[in-house]
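Asker: Model the structure of this input:
(2 chains, ligands or ions: 4)
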Number of protein chains: 2
Amino acid sequence: MKILIVGGVAGGASTAARLRRNSEKDEIILFEKGAHISFANCGLPYYIGNVITNKEALLLQTPKSFQDRFRVDVRVNSEVVSVNCEKKTVCVKNHDTGETYIQDYDKLVLSPGAAPIVPEMKGMAFNHVFTLRNIPDAYAIRDYVEHTRPKSCAIIGGGFIGLEMAENLQRSGVEVSVIEAASHVMAPIDNDMAHDLHNYMRAKGMKLYLNSRALAVTENSVVLEKGIEVAADMILMSIGITPETGFLKDSGIALGQRGEIIVNDYMETSVKDVYALGDAVSVRHIVSGKQMLIPLAAPANKQGRIVADNICGQKQKYRGSQGTSILKLFEMSIAATGEKEASLMSSGIPYKKVFTYSLSHAGYYPGGRMMSIKLLFSPDEGKILGAQIVGYEGVDKRIDTFANALRFGLTVYDLQEMELAYAPPFSSAKDPVNMAGYVAGNVLDGKMKPFYIEDLSSIQEEAVLLDVRTDKEFEGGHIHGAVNIPLDSLRSRLKEIDKNKKVYIICQIGLRGYIAQRILDQNGYETLNLSGGYRLYRAAEM
Amino acid sequence: MKILIVGGVAGGASTAARLRRNSEKDEIILFEKGAHISFANCGLPYYIGNVITNKEALLLQTPKSFQDRFRVDVRVNSEVVSVNCEKKTVCVKNHDTGETYIQDYDKLVLSPGAAPIVPEMKGMAFNHVFTLRNIPDAYAIRDYVEHTRPKSCAIIGGGFIGLEMAENLQRSGVEVSVIEAASHVMAPIDNDMAHDLHNYMRAKGMKLYLNSRALAVTENSVVLEKGIEVAADMILMSIGITPETGFLKDSGIALGQRGEIIVNDYMETSVKDVYALGDAVSVRHIVSGKQMLIPLAAPANKQGRIVADNICGQKQKYRGSQGTSILKLFEMSIAATGEKEASLMSSGIPYKKVFTYSLSHAGYYPGGRMMSIKLLFSPDEGKILGAQIVGYEGVDKRIDTFANALRFGLTVYDLQEMELAYAPPFSSAKDPVNMAGYVAGNVLDGKMKPFYIEDLSSIQEEAVLLDVRTDKEFEGGHIHGAVNIPLDSLRSRLKEIDKNKKVYIICQIGLRGYIAQRILDQNGYETLNLSGGYRLYRAAEM
Ligand SMILES: Cc1cc2nc3c(=O)[nH]c(=O)nc-3n(C[C@H](O)[C@H](O)[C@H](O)COP(=O)(O)OP(=O)(O)OC[C@H]3O[C@@H](n4cnc5c(N)ncnc54)[C@H](O)[C@@H]3O)c2cc1C
Ligand SMILES: Cc1cc2nc3c(=O)[nH]c(=O)nc-3n(C[C@H](O)[C@H](O)[C@H](O)COP(=O)(O)OP(=O)(O)OC[C@H]3O[C@@H](n4cnc5c(N)ncnc54)[C@H](O)[C@@H]3O)c2cc1C
Ligand SMILES: CC(C)(COP(=O)(O)OP(=O)(O)OC[C@H]1O[C@@H](n2cnc3c(N)ncnc32)[C@H](O)[C@@H]1OP(=O)(O)O)[C@@H](O)C(=O)NCCC(=O)NCCS
Ligand SMILES: CC(C)(COP(=O)(O)OP(=O)(O)OC[C@H]1O[C@@H](n2cnc3c(N)ncnc32)[C@H](O)[C@@H]1OP(=O)(O)O)[C@@H](O)C(=O)NCCC(=O)NCCS
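Answerer: Ligands and ions are numbered 1, 2, ... in the order given. Down below sits the predicted model:
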């Protein structure tokens, strides 16, 4: 059997390796239009920032090592320019020789990935405008920084690549401005969770332009709407990517509206014997069931193994993606899995939410840091629909736990039950995940009745805003109109609160508010407790 | 309703707090025989090692703060000396006044914990012999170290407390010897996984006496079997703990052979209206179904919440423990969940096993460190039965994932599918957990046919031992009798291997051996591949 693979990195190389392990007999030819295969896309920003100091470290395999180990005929600088599914051939352009040739196949695997979007905007042709996808891009950026020593860089688009580059450019001594069209950077999280990140970026000295659309690039600036000009000797375009499927236009392989390849659960395209995977395909989101572009390395690698097995007759389903992802920004970690609130809302999926703040490990053991968790779950059974975490150490651990809870259909009650490894340097006897489960369970059980920051503006005049933090905390800042009765004196001061008025309870994070709520509710009050507390409110105000 | 609680720390205090949140009306009295409640047992070793510098940090609650917040009548220095279940009373001895009184109850909660075992051995009365359970113990040890400046300490018993103390005493400038009766320290892991830990301890300068039973303690030594004498100005006894249930002897409450309180899934004892939890009870192990003592803080805390709910009529089951635990020893982390191989074997539970080695995060991003994983799973469906990890950063994250896989009935195929958060500083596109799932799945699917270190001695003379590492690796050390054909030249050198002989393949960790196996098997050879590879073999030999 002759198997052709288009694209030699995450999806393509993974497919090839597993194919060979499955079968010594098949002929495998891998086409890569660039000069490198099997490179660490995800490491590129860190090479630019000189965190990865060794160029070679970026190359996991070379054509030779791949041939030696897996007997794969690797053809670099070889672009597949068209596919003829009837004749079962592809047309290949060899960029070394300029020649074009036809290659036939029994099975065809498409993993061409996605290319950075470059909008039609004035100034895109300047050679201080960069995108980052592959090794030559990374070399070009690093060279530019080392040789031209730009004072400032404007990063247009605050997603994963934009923010990783923001860190690494700043590390290289470049002043960074991040320009983002949406109201917050990092699209996988909701606006309410992004405040901490915004504040952190500003504290790190980055300039942040939110709700800001770039209109043009000049020699030394980016021009925004409303005439604002952001100084920039260098520009990185990181506004998103688009499936690189131009070569499939006339192939008859079904593509979606954004050019993505349509596949079924077996990663088969609309055409027999043609498989596709990675950033170029749309996959089913396991929460919404919608077909979506979820361009991440782990799914691409997994799909590669599944494609190889399916080609070899060991049928296997890809069960969908959930967008589990994480970003490191200096010491901060921002992670998400599943759907965010905004998406649940727009998909009309019912949900409930809670905010919790937990230390990464036991408070009495030095070095623990707080993380904010937003947990989204179904209002009936409490099935996990999504989670977002912003914090420092230990964020990665907890997002993985939520990701598994989501994938395997667990509920908030299951989170309570999880028996996680506890010793003081690693966690608390009630892990942050357990804690989120307790709070969410309490909401479902009606023990914790929450209200949210966004409800503050519609609270009626006659209601009581009750802040149960200490006098000192209250003096340090509070929500306008709140009265202060510290939790530990609440029982003895109950008569100060009018039983005929609805009581909106506020504390720092929601925990003391909950205890206050338990006391008040059992004394005949009608209460709501601010989920996320003053801390979340404050972050939004900063 | 009047609720009495015996024991004011992990289980007792957690019960009290949740009870009060459940109900403002009940009267709650908490008896603690010591002077402190709600303290961080788990932090004590780190206070001794001055990692936790502040005494106060160890006290999560005081009697006053607990009264203020939860309106619990906390009585310290108050030991419950007997229980009369017929009259529904307890007899309390007030150690401040010496008085004894009777207190009646509607519901009784027992969380007395477990006390260090001190064997009947010569020298136990010396005042340089210590145990560690509570705050006075910790003060005594720290005082002794600071004022007497012992040169050396012998730690008898290499479990969690023993090894945490080994680190912290060494940090305080004391030379440490660890004496362990079993063949390896850290009972939750198997012998094969303990070699790395033993080697690490030795490299850290600790003396390690395995298979060594202490017979007596002298003024400046510990005497072992075979007349070996270990110099020691100080001794810590950490050979285990025993339920502190002497006061229940005549209560009619059913106790097990080791004095543990017998409870059902609702944490109810054999006597109506009496509940028990924490280190003093036996619980069902979720893998073996056996009743076991699993004395850990996280289960105690969780059980507290469940007991409180059950008392308040919100019936909830405790679904059993799985012994998820972790130890930090300097930079190393040792973690386990579920059953170890030795226990599966002695319980007659069928299993399969694989060893994998993975980097904590992407190899090209600096700072990643290898972790060894042992995964145990059922031979039919591949259900996770247990996992052990020895490594450095990121061990805690992976053990939690395995723990959840085990608790929620997942299989090795589910591990493959997990979509975990990947960015280079945190993991690899195939997380170590995915990788363990791949290897285990390959074993079940018959693609990877493993053999193990312990099989080496019974390999027949005529078999081929084939080492597929590079020449250089082979020269650096190999298993006696092995021939070397590096993987990347295997296909071209196949004729050097006799097809009539069984081939035992060896590489560094098992990965290249697996690829070699795929090549050889498809060429008509009968092969086995050493799981864990030369690396595991070498660790055992050191
Ligand atoms: C800077 C950067 C950082 C990233 N960081 C992360 C991260 O931290 N975590 C994460 O999960 N993901 C990350 N990603 C995304 C991840 O790299 C991709 O999801 C993954 O590589 C997708 O795999 P793929 O095989 O679909 O595409 P690619 O890995 O992009 O491979 C596609 C290859 O196909 C080639 N090709 C395209 N068309 C043709 C053709 N017609 N003929 C021949 N060859 C062709 C391309 O040249 C390319 O080399 C990052 C990506 C970038 C660029
Ligand atoms: C040094 C050390 C380190 C540890 N590290 C960890 C770790 O890292 N991770 C982990 O999971 N677990 C750890 N543990 C174990 C954990 O602390 C226990 O599992 C947990 O505290 C058990 O809770 P409990 O309520 O059953 O018992 P305890 O917390 O021990 O509380 C029982 C209390 O009851 C009191 N009491 C006993 N009898 C009576 C009586 N008759 N009348 C009145 N009071 C009585 C005792 O004085 C004691 O204070 C550690 C334990 C120690 C000692
Ligand atoms: C490196 C690359 C070629 C994949 O190669 P691969 O051989 O499939 O992957 P690995 O080297 O991780 O090896 C995994 C295999 O070894 C096996 N294995 C791992 N450890 C083992 C052990 N201890 N014993 C036995 N087998 C083992 C696994 O089972 C798996 O084989 P399987 O798929 O047949 O089950 C491909 O992932 C790649 O090109 N990556 C770079 C690009 C990229 O991923 N970019 C995005 C992230 S930066
Ligand atoms: C501290 C101690 C008294 C427990 O107190 P606790 O009030 O149950 O626990 P916490 O302070 O963690 O608070 C948890 C409660 O706050 C709630 N909560 C936490 N964060 C919240 C938030 N953001 N919003 C609303 N509620 C929140 C939880 O739901 C939970 O309440 P619930 O049990 O009614 O669901 C007890 O664990 C103890 O004594 N510990 C020390 C001893 C010990 O554990 N030793 C072993 C380890 S060292």
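Asker: contacts and neighbour counts: CA atoms only from here.
Answerer: OK.
Asker: what residues are up against the most centrally placed residue in chain A?
Answerer: Chain A has residue A:325 as the residue nearest its centroid, 4.0 Å off, counting by Cα atoms, centre = their mean. Neighbour list for residue A:325: A:296, A:335, A:336, A:337, B:420, B:421, B:422, B:423 [criterion: Cα atoms under 8 Å, 6 or more residues apart in numbering or on different chains].
Asker: Residue A:411 and ligand 3, how far apart?
Answerer: From residue A:411 across to ligand 3, the span is 31 Å (Cα to the nearest ligand atom, to the nearest Å).
Asker: Find the residue closest to that residue in space, skipping its chain neighbours.
Answerer: residue A:383 (4.1 Å; Cα to Cα, 6 or more residues apart in numbering or on different chains).
Asker: Please enumerate the strands of the stretch 51-200 of chain A.
Answerer: A:73-75, A:78-84, A:89-94, A:100-104, A:107-110, A:114-116, A:129-130, A:152-156, A:175-179 (DSSP state E, counting those that start in this stretch).
Asker: how about TSV for those, with mean pLDDT, distance to residue B:93 and mean neighbour count added?
Answerer: TSV is the format used below for the strands of the stretch 51-200 of chain A (pLDDT from 0 to 100; distance: least, Cα to Cα, whole Å; neighbours: other Cα atoms under 10 Å in any protein chain shown):
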stretch	mean pLDDT	distance to residue B:93	mean neighbour count
strand A:73-75	98	82	20
strand A:78-84	98	86	21
strand A:89-94	98	89	20
strand A:100-104	98	90	14
strand A:107-110	98	78	24
strand A:114-116	98	74	18
strand A:129-130	98	77	21
strand A:152-156	98	71	26
strand A:175-179	98	67	24
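Asker: Reformat these as CSV; add distance to ligand 1.
Answerer: Formatted as CSV, the strands of the stretch 51-200 of chain A follow (distance: least, Cα to the nearest ligand atom, whole Å):
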stretch, distance to ligand 1
strand A:73-75, 9
strand A:78-84, 4
strand A:89-94, 8
strand A:100-104, 12
strand A:107-110, 8
strand A:114-116, 6
strand A:129-130, 12
strand A:152-156, 13
strand A:175-179, 16
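Asker: now the helices for the stretch 301-450 of chain A?
Answerer: Secondary structure of the stretch 301-450 of chain A (DSSP state H, counting those that start in this stretch): helices at A:341-347, A:395-407, A:412-417, A:432-444.
Asker: circling back to that earlier point, what about the residue nearest to residue A:411, neighbour count?
Answerer: 20 (other Cα atoms under 10 Å in any protein chain shown).
Asker: wait, residue A:378 sits on residue A:406?
Answerer: No. Using Cα atoms under 8 Å, residue A:378 makes no contact with residue A:406, being 11.1 Å away.
Asker: Compare these two and say which is more crowded by neighbours.
Answerer: residue A:406 (23 against 18).
Asker: Which pLDDT value goes with the more buried one?
Answerer: We have a pLDDT of 98 for residue A:406.
Asker: what ranges do the helices span in the stretch 101-250 of chain A?
Answerer: For the stretch 101-250 of chain A, the helices defined by DSSP H, counting those that start in this stretch occupy A:135-148, A:160-171, A:191-203.
Asker: near ligand 1, which residues of the stretch 251-400 of chain A?
Answerer: Within the stretch 251-400 of chain A, the residues that sit near ligand 1 (Cα under 6 Å from any ligand atom) are A:278, A:279, A:280, A:295, A:296, A:297, A:298, A:300.
Asker: got it, and the stretch 101-250 of chain A?
Answerer: A:111, A:112, A:113, A:114, A:132, A:133, A:161, A:244, A:247.
Asker: Identify the farthest-apart pair in those.
Answerer: Maximum pairwise distance among those (Cα to Cα): 25.6 Å, between A:161 and A:247.
Asker: Looking at strand pairing, list the partners for the closest residue to residue A:387 other than its chain neighbours.
Answerer: Nearest non-adjacent residue to residue A:387, counting by Cα to Cα, 6+ apart: residue A:375, 4.6 Å away. For residue A:375, the beta-bridge partners are residue A:354, residue A:387 (DSSP bridges).
Asker: Just to check, residue A:375 is in contact with residue A:383?
Answerer: No. If you go by Cα under 8 Å, residue A:375 and residue A:383 don't touch, sitting 10.5 Å apart.
Asker: Now find how far off-centre stretch A:267-284 is within its chain.
Answerer: Stretch A:267-284 sits 22 Å away from the centroid of its parent chain (Cα atoms, centre = their mean, to the nearest Å).
Asker: my bad, should have said stretch A:502-520
Answerer: 32 Å.
Asker: Also stretch A:344-361?
Answerer: On the basis of Cα atoms, centre = their mean, stretch A:344-361 sits 16 Å off its chain's mean C-alpha point.
Asker: what's the answer for stretch A:476-494, then?
Answerer: With Cα atoms, centre = their mean, you get 38 Å for stretch A:476-494.
Asker: And the closest residue to residue A:41 other than its chain neighbours, how far from residue B:406?
Answerer: On the basis of Cα to Cα, 6+ apart, the spatially nearest residue to residue A:41 that is not a chain neighbour turns out to be residue A:134, at 6.2 Å. As judged by Cα to Cα, to the nearest Å, residue A:134 and residue B:406 stand 40 Å apart.
Asker: for residue A:249, same thing?
Answerer: Per Cα to Cα, residue A:249 is found 47 Å from residue B:406.
Asker: what does residue A:330 give?
Answerer: Taking Cα to Cα, one finds residue A:330 at 34 Å from residue B:406.
Asker: repeat for residue A:190
Answerer: Look at residue A:190 and residue B:406: by Cα to Cα, they are 32 Å apart.
Asker: Over to residue A:141?
Answerer: 46 Å.
Asker: Residue A:207 now?
Answerer: Noted for residue A:207: a distance of 46 Å to residue B:406, by Cα to Cα.
Asker: For stretch A:472-491, give me every contacting residue.
Answerer: A:464-471, A:493, A:512-513, A:515-516, A:519, A:534, B:68-69.
Asker: Could you point out which of the contacts of residue A:325 is nearest to residue B:362?
Answerer: Using Cα to Cα, residue B:423 comes nearest to residue B:362 of those, at 8.0 Å.
Asker: Could I get the contacting residues of residue A:520?
Answerer: For residue A:520, the contact set (Cα under 8 Å, 6+ apart) comprises A:526, A:527.
Asker: Beyond the helix or strand hosting it, next helix or strand please.
Answerer: Residue A:520 is part of helix A:511-522, with elements assigned from DSSP states H and E. As assigned by DSSP H and E, the chain's next helix or strand after helix A:511-522 is strand A:527-530.
Asker: who touches that next one?
Answerer: Strand A:527-530 has contacts (Cα under 8 Å, 6+ apart) with A:448-453, A:502-507, A:510, A:513-514, A:517, A:520-521.
Asker: tell me the mean pLDDT over it?
Answerer: Strand A:527-530 comes out with an average pLDDT of 98.
Asker: and that strand, which strands flank it?
Answerer: In the sheet, strand A:527-530 lines up against strand A:450-451 (parallel), strand A:503-506 (parallel) (DSSP bridges).
Asker: So which of those is the most surrounded?
Answerer: The highest mean neighbour count among these, using mean count of other Cα atoms under 10 Å in any protein chain shown, belongs to strand A:503-506: a mean of 26.
Asker: quick one, which of the helices of the stretch 101-250 of chain A is packed in tightest?
Answerer: The most buried one of those (mean count of other Cα under 10 Å) is helix A:160-171, showing a mean of 23.
Asker: Any residue of it touching chain B?
Answerer: No. Helix A:160-171 lies out of reach of chain B by Cα under 8 Å from any Cα of the partner chain, never closer than 9.7 Å.
Asker: what packs against that helix?
Answerer: helix A:44-48, strand A:152-156, strand A:175-179, strand A:325-329 (3 or more Cα pairs under 8 Å, 6 or more residues apart in numbering or on different chains; DSSP states H and E).
Asker: what about 10 Å?
Answerer: Under the contact criterion of 3 or more Cα pairs under 10 Å, 6 or more residues apart in numbering or on different chains; DSSP states H and E, helix A:160-171 touches helix A:44-48, helix A:135-148, strand A:152-156, strand A:175-179, helix A:191-203, strand A:234-237, strand A:325-329.
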